[in-house]
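J.: Predicted model, plus sequence, below.
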Amino acid sequence: MTSIPAVTPASIRDEIDVLSLLQTLWKKKIQIGVFACLVGVLAGGYALMLTPEFQVNTSLRPAALKDFDELNRSKVYTLTPEQALTRIGASLDSYETRWGYFRTNLELQEAFVTAERSQEQGFESFNRNALKVIQPDTKKSGLLAAYVGLELRYPKGVDGQQILNGLVQYAIDKERQAVAQDLKVIVGNQLKEIDIELTSARVEYDLGKKNQIAVLKENDDIKRAQLNDELRALRAQLKLRRADRIALLDEAISIARSLGLKRPSTPSSMGNTEPEAAGNIIRTEINNQQIPMYFLGTDALEAERQALLARKSEDFVEPRISQIRKELMLLEQNRTMQTLEKRENDELFVKDIQTLRAERSRLNMIDTDLSTLRIVSIDQQATEPLSPIFPRKSLFFSLGVTLGGLIGIVYVLLRHALKARRREELRETMLVKRIIAAEAIAPLPSSPS
């Protein structure tokens, strides 16, 4: 009986022989190495063809507190070192500052503006890809958190060190000018306010002075009018008194004539009819009643009447009249009013003018030129880098060698798999042929009788 060889199952045939694969890779190590070297050389060549890119860095920190002492002592504008650093960081990160610097830097424009890109497009590329502002972590505190960093990535042929340092200086100058402008505006506004207060104080003083003079003049006029009225009233009263006195004298003269009294007499002397004795006699009469005027006799009464009629003025009779004249003479010259009118420098008497002038003088002495103000401290200036950050030739070559090695391994494995499959197919074909040949040679079984 002819034996038929057993056919190996497909599942067993398809199993991967790891050891065989490793042996195959080891045998083809030279071929894999060629692939690795070839791709590595191609990657290195490509790296050499790329335009190198460099990177420079700079960092800023707060300036010393003493640098802001003069500014803060002005009591007009207050700026701390931290606030100044924040303003510089915001300015470096602002579109306006970068665009202003880009337009003034021809080297930047030559590097980023090409025939295919406009100035705005070139700036957009520079702003988006080349510059990076590093802000401190807000969770940190202390001096280490107070800084602002700036990175610039630029192609070969561009002076990145000068560009970055120039941008930082441009931002510092811009913010310094902004602070100076703010200070100038604030000082100007305060000066205007003080000038308004001075003008208001002068106007208030002038009005007060005129009001005081008017009050003094009015009081003098009222006092003068009152005194003149009192003087006229007193004179009229004195005239009435004189007229009344003359009338009384006329009546007394008439009575005295009718009684035959020429010389002063008394009621007791008129009643004494006895002849007077020789010699000097002194008579004394005590009477608690007023003796009528006619007892003075016609001589005395007529003499008084003539004197009253001849009187041209009654002023000497009343002491108040001389007092009124004195007061009227004093009213002719009001020294307070004259002093107010003759003041040569009225501003010396304006209320609070010394304080306002001192404040105005202090504001005028504030120096608004802050060109020497150290607004931030440049902790690290941008310096020329030693090597480009892109492309890194060693990295490109290493990646190329790795990629080439992988390509070589895949190539070797694919060839090994194809050859193994062909051998397997050939073996199967031979096995089938042998089976067919064996079946043809084997005798046919005999049929039963």
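T.: Yes, it's here.

J.: Now the residue nearest the centre of the chain: closest residue in space that isn't a chain neighbour?
T.: Geometric centre of the chain, nearest residue: residue 77, 6.0 Å, by C-alpha atoms, centre = their mean. Excluding its sequence neighbours, the residue lying closest to residue 77 (C-beta to C-beta, 6 or more residues apart in numbering) is residue 183, at 4.7 Å. In this view, the C-beta of every residue, glycine as well, is placed from N, C-alpha and C.

J.: count of neighbours near that neighbour?
T.: Residues near residue 183, counting by other C-beta atoms under 10 Å, number 21.

J.: Just checking the distance from the helix or strand containing it to the centre of its chain.
T.: Using DSSP states H and E, residue 183 sits in helix 160-259. Here the centre of mass of C-alpha atoms in helix 160-259, compared against the chain's by C-alpha atoms, centre = their mean, to the nearest Å, lies 39 Å away.

J.: what does stretch 251-266 give?
T.: 106 Å.

J.: outside of it, which residues touch it?
T.: For stretch 251-266, contacts defined as C-beta atoms under 8 Å, 6 or more residues apart in numbering pick out 270, 283, 285, 291-302, 305.

J.: Surely residue 376 and residue 59 touch.
T.: No: taking contacts as C-beta atoms under 8 Å, residue 376 lies outside contact range of residue 59: 10.3 Å.

J.: Which residue of these two possesses the greater neighbour count?
T.: More crowded of residue 376 and residue 59, by other C-beta under 10 Å: residue 376, with 23 against 17.

J.: Next, the contact list for the more buried one, please.
T.: Contacts of residue 376 (C-beta under 8 Å, 6+ apart): 60-63, 81, 84-85, 88, 148, 172.

J.: Buried ones from the residues you listed, can you make that a PyMOL selection?
T.: The buried residues among these can be selected in PyMOL (16 or more other C-beta atoms under 10 Å) with this line:
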select buried, resi 60+61+62+63+81+84+85+88+148+172
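
J.: If we only consider the contacts of residue 376, which is nearest to residue 19?
T.: Distance to residue 19 across the contacts of residue 376 (C-beta to C-beta) is lowest for residue 148, with 61.4 Å.

J.: May I have the beta-bridge partners of the closest one?
T.: Here residue 148 sits in beta bridges with residue 60, going by DSSP bridges.

J.: about what we covered before: which residues are in contact with each of residue 376 and residue 59?
T.: residue 148.

J.: how about the strands of this protein, start to end?
T.: For the chain, applying DSSP state E gives strands covering 53-62, 131-134, 148-155, 376-380.

J.: Turn these into CSV, including distance to residue 19.
T.: What follows is these, written out as CSV (distance: least, C-beta to C-beta, whole Å):
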stretch, distance to residue 19
strand 53-62, 48
strand 131-134, 53
strand 148-155, 50
strand 376-380, 58
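
J.: give me the number of residues near residue 120?
T.: Residue 120: 11 neighbours (other C-beta under 10 Å).

J.: Distance check, it against residue 404.
T.: For residue 120, the distance to residue 404 (C-beta to C-beta, to the nearest Å) stands at 43 Å.

J.: I appreciate the help and will end here.
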